[in-house]
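Enquirer: Only the shape, not the letters, is given here:
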């Protein structure tokens, strides 16, 4: 039987700190799907898999705090100005976590799987990796990497801070600096990102 991590060893982080440009500047995590904010769906799915929860958000902190209140989720703003991207959100999570591992997922992924933490952790431990990310394949066999569905050792915080201070912003470039593992998941839909208000409306009617 492969080893895994107890939930208490992992902090979950919902990444909701972006500009929402493809949603016309709307705060994506607060847009509603089936009557509830997208971020609430993600929090609910992450909660059973982790020991603590946090939300990376640069706007509407009070609203996010209310969403996260049932799980005592901390709301974390980027420490760097100008919406520098998901790595800044990961840095906020890594530096605030009181656990050895951080599990991050984007706020627009309301169907993420219930075994996300377990499968990423099992592979990370088996491969002695510091980072574990998700891949999926479509019907044609084309593989896609989903880099912000990720499990990371919180000991990477200083290295990430230095990377960002140097002006770097590319997620995959930072991962390449470390021992990273990829975990193949069969269900593409579980990692689908809702990127526009039209997509959101379409799924709401489905």
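Expert: Yep, that arrived. The structure presented is a predicted model; accordingly, all values stated were derived computationally and were not measured.

Enquirer: mind checking the SS state of residue 29?
Expert: On the three-state scheme (DSSP: H, G, I helix; E, B strand; the rest coil), residue 29 is labelled helix.

Enquirer: quick one: pLDDT of it?
Expert: pLDDT for residue 29: 93.

Enquirer: and if you look at the one 10 residues further on?
Expert: Here, the pLDDT recorded for residue 39 equals 96.

Enquirer: Now do the strands in the chain.
Expert: Under the criterion DSSP state E, the chain contains strands at 10-15, 32-33, 36-37, 52-56, 74-76, 101-106, 131-137, 143-153, 180-184.

Enquirer: tally of neighbours for residue 171?
Expert: 17 (other Cβ atoms under 10 Å). Glycine gets a C-beta too; all of them are placed from N, C-alpha and C.

Enquirer: Can you say which of the strands of the chain is packed in most?
Expert: Each of the strands of the chain was scored by mean neighbour count; the highest is strand 10-15, a mean of 28, by mean count of other Cβ atoms under 10 Å.

Enquirer: mind listing what the residue most central in space within the chain touches?
Expert: In the chain, the C-alpha nearest the mean C-alpha coordinate belongs to residue 105, at 1.9 Å (Cα atoms, centre = their mean). By Cβ atoms under 8 Å, 6 or more residues apart in numbering, residue 105 lies in contact with 12-15, 42, 46, 112, 116, 148-149.

Enquirer: Give the bridge partners for it, please.
Expert: Beta-bridge pairing for residue 105 (DSSP bridges): residue 14.

Enquirer: on that earlier part again, between the contacts of residue 105, which sits nearest residue 25?
Expert: Using Cβ to Cβ, residue 15 comes nearest to residue 25 of the contacts of residue 105, at 17.2 Å.

Enquirer: who touches that closest one in this structure?
Expert: When contacts are counted by Cβ under 8 Å, 6+ apart, residue 15 touches 56, 86, 89-90, 104-107, 148.

Enquirer: And those, which is closest to residue 193?
Expert: Checking the contacts of residue 15 against residue 193 by Cβ to Cβ gives residue 106 as the nearest, at 6.1 Å.

Enquirer: Was I right to think the closest one contacts residue 148?
Expert: Yes. Between residue 106 and residue 148 there is a contact at 5.2 Å, judged by Cβ atoms under 8 Å.

Enquirer: what sits in contact with each of those two?
Expert: By Cβ under 8 Å, 6+ apart, residue 106 and residue 148 have these common neighbours: 15, 86.

Enquirer: do you know how far the spatially closest residue to residue 153 that is not a sequence neighbour is from residue 6?
Expert: Nearest residue to residue 153, sequence neighbours excluded (Cβ to Cβ, 6 or more residues apart in numbering): residue 130, at 4.6 Å. Distance, residue 130 to residue 6, by Cβ to Cβ, to the nearest Å: 19 Å.

Enquirer: And residue 86, by the same measure?
Expert: Counting by Cβ to Cβ, the gap from residue 86 to residue 6 is 26 Å.
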